[in-house]
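In: Give the three-dimensional model of this entry:
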Amino acid sequence: MSSVNSISTDKLARLIGRPDCPVLIDVRTDEDFACDPRMVPGAVRRPWAAVADWAPDYRGRPAIVICHRGLKLSQGVAAWLRQTGAPADYLDEGSSGWAQAGLPMVPEAKLPPRNREGRTVWVTRSRPKIDRIACPWLIRRFVDRQAVFLFVSPSAVAGVAERFAATPFDIEGETVFWSHRGENCTFDTMVEEFGLATEPLLRLAAIVRGADTGRPELAPEAPGLLAASLGLSRMYADDLEQLEAGMTLYDAFYRWCRDAVDETHNWPGTKPQSRRLLEGSR
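Out: This is a model prediction of the structure:
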C-alpha cells in the first residue's frame with residue numbers, strides 16, 4: 001500500500017510539463033544509475049548521502065524524491081527534506097516502476113554539461129520568434145528547469161558558446177547538433193533526442209514545425225502559433241522578457257495538445273432559447 005508521502009507514476013506523469021510541477025530529485029546510487037542512465041523528465045541528480053548538506057536548498061519548495069524502487073533511499077531523503085522545511089514525497093516504485101510503465105525518460109548522455117550551479121547553459125540568436133522560444137520551453141519543462149539561455153547576435157554565437165561553455169541551438173551549420181534536420185525544426189530534434197516523443201509533444205511538434213518552417217498545412221493550429229509568436233516579438237524588446245511570456249503561451253498549447261484536442265466551443269444559446277429569454281425579460 002502506498003504511503004501518505006508517496007506519489008504514483010500516473011499522478012506524477014500528469015504533473016510533469018506543468019509550471020507547478022514539484023522539484024524532482026533523483027537519488028539513485030551510482031550503481032543503480034549505471035544500469036539505466038536515464039532520468040524522469042526534469043529530474044536532477046543529488047547524492048543521497050549528502051542530503052544534510054543540500055536539503056536547505058529546497059526549503060519551502062515542494063519536491064518528489066526518486067530512487068531505484070521507491071524504498072529506503074527516496075523515503076529517507078524525502079523525510080529529511082520534510083524536516084528541513086520542504087514538503088517532499090517520494091515516487092512509488094521509483095525509476096524502475098516509471099520505466100516499466102513505458103513513460104519517457106531523458107538519457108543523461110544527451111544532456112549538456114552543467115555549470116558549477118548545476119544548470120545547463122544554452123546560447124542562440126537574439127530576437128527569437130518560434131523555435132527559439134519553443135526549445136527553451138521544452139528544456140525548462142522537461143529537461144532542466146533551471147536552464148540558462150543566452151541570446152546574442154548570430155555572429156557571436158560560436159564565440160559565446162566556446163568562452164562560456166554554452167551549448168548552441170537553432171543555428172545553421174553542420175557541426176551544430178541541436179538544430180534543424182531536413183524538414184524538421186530544432187524542437188523536433190530535441191523531442192527525439194531527449195526521448196520525449198509522447199503523443200502530446202509530437203502533436204505540439206507538428207504545430208511548431210508548421211509555424212516555424214512556413215508550412216501551415218501541417219497543423220490547423222500552426223497559423224495561430226505563428227501569429228501569437230510574431231505578436232510577442234513585437235511586444236517585447238528584451239528577449240528574456242519575451243521568453244517568459246512565451247513560456248505561458250507554450251504551456252497553453254501543451255495543455256491543449258494533452259487534454260483538450262477533442263473539446264469544442266461554440267455560442268451556447270440557440271434561437272429558440274434566445275426568444276424565450278427575451279420573452280421572459282419583458
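
In: Count the residues that sit near Arg258.
Out: Residues lying near Arg258 (other Cβ atoms under 10 Å) number 17. Any C-beta I mention is one placed from the backbone N, CA and C, and that applies to glycine too.

In: That one: what's it in contact with?
Out: If you count contacts by Cβ atoms under 8 Å, 6 or more residues apart in numbering, Arg258 has them with Gly17, Pro200.

In: Check whether it sits in a helix, strand or coil.
Out: Put simply, Arg258 is helix when judged by DSSP: H, G, I helix; E, B strand; the rest coil.

In: how near is it to Ile66?
Out: Distance, Arg258 to Ile66, using Cβ to Cβ, to the nearest Å: 22 Å.

In: cool, Pro168 as well?
Out: For Pro168 relative to Ile66 (Cβ to Cβ), the value is 30 Å.

In: show me where pLDDT drops low in the stretch 1-150 of the chain?
Out: Residue ranges of the stretch 1-150 of the chain with pLDDT under 70: 1-2.

In: mind listing the helices in it by residue range?
Out: Using DSSP state H, counting those that start in this stretch, the helices of the stretch 1-150 of the chain run over 9-15, 30-35, 51-54, 72-83, 94-100, 131-142.

In: So which bits of the second one are buried?
Out: For helix 30-35, the buried set under the neighbour-count rule, 16 or more other Cβ atoms under 10 Å, comprises Asp32, Phe33.

In: ok, now the third one?
Out: Of the residues in helix 51-54, those with enough neighbours to count as buried (16+ other Cβ under 10 Å) are Val51.

In: From the contact counts, what lies against that helix?
Out: If you count contacts as 3 or more Cβ pairs under 8 Å, 6 or more residues apart in numbering; DSSP states H and E, helix 51-54 packs onto helix 72-83.

In: Present the helices of the stretch 1-150 of the chain as TSV; the columns should include distance to Glu162.
Out: Formatted as TSV, these follow (distance: least, Cβ to Cβ, whole Å):
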stretch	distance to Glu162
helix 9-15	37
helix 30-35	30
helix 51-54	31
helix 72-83	37
helix 94-100	35
helix 131-142	20
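
In: from the ones you listed, which stretch is densest packed?
Out: Among those, ranked by average contacts under mean count of other Cβ atoms under 10 Å, first place goes to helix 131-142 (a mean of 24).

In: what does the host helix or strand of Gly224 contact?
Out: If you go by DSSP states H and E, Gly224 is part of helix 222-235. Residues from elsewhere that reach helix 222-235 (Cβ under 8 Å, 6+ apart): 127-130, 133, 206-211, 215-216, 242, 245-246, 249, 253.

In: May I ask you to name the longest helix in this protein?
Out: helix 239-255 (DSSP state H).

In: doesn't Val121 make contact with Leu112?
Out: Leu isn't right for residue 112; it's Pro. Yes. Here Pro112 reaches Val121: they are 7.4 Å apart, a contact under Cβ atoms under 8 Å.

In: Spit out the residues that contact these two alike.
Out: By Cβ under 8 Å, 6+ apart, Pro112 and Val121 have these common neighbours: Thr167.
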